[in-house]
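*Asks:* Any chance you could fold what I've pasted below:
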Amino acid sequence: MSVETFDVTRELVSVTDAAAEHLRSSLAGKGKAAVRIAIEESGCTGFKYVMEEVDDAADSDVTLALGNGVKVFIAPNAVALLQGTEIDYVREGINRTLKFKNPNVTAECGCGESFTVA
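*Replies:* Here you go, the predicted model:
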């Protein structure tokens, strides 16, 4: 059994206004109530983010309520890996995408699909 420690002065996950509005719009279009974020082993560097639109939290999910009414559920396996992450909605060329600015990431694969943590 291991013990995990967290810096309680650092927010688990923050969501920019642009990302919150994007999530609200996307959820409204699909008739879903919330977004759930999990982490899966994948890719050439170790892990990937998994986001899905859902109606309810899974057991032991951490719930974040955004100012615009959107709920974000964080899977238990993602809590330590997401500590201090900012989720933004950014323009990259002609595309717009959700971007995870995760201070725990030590390396990313070239295609941006997977990441490594220390």
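*Asks:* Strands along this protein, start to end?
*Replies:* Ranges of strands in the chain, per DSSP state E, are 13-15, 34-42, 46-54, 62-65, 71-74, 85-92, 95-101, 105-108, 115-117.
*Asks:* where does the chain have low pLDDT?
*Replies:* 1-10, 43, 110-112 (pLDDT under 70).
*Asks:* what does stretch 73-91 contact?
*Replies:* Taking contacts as CB atoms under 8 Å, 6 or more residues apart in numbering, the residues outside stretch 73-91 that touch it are 4, 6-7, 10-16, 18-19, 21-22, 34-39, 47, 54, 57-58, 60-64, 96-104, 117. Quick note: C-beta positions are derived from backbone N, CA and C, even for glycine.
*Asks:* before we move on, the earlier item: of all the strands of the chain, which one comes closest to residue 26?
*Replies:* Minimum separation from residue 26 across the strands of the chain (CB to CB) falls at strand 46-54, 7.0 Å.
*Asks:* In that closest one, which of the residues would be classed as buried?
*Replies:* Within strand 46-54, the residues that qualify as buried are 46-49, 54, counting by 16 or more other CB atoms under 10 Å.
*Asks:* Is the residue nearest the centre of the chain bridged to anything, and to what?
*Replies:* With distances taken as CA atoms, centre = their mean, residue 37 lies nearest the centre of the chain, 4.9 Å away. Bridge pairing for residue 37 (DSSP bridges) gives the partners residue 51, residue 74.
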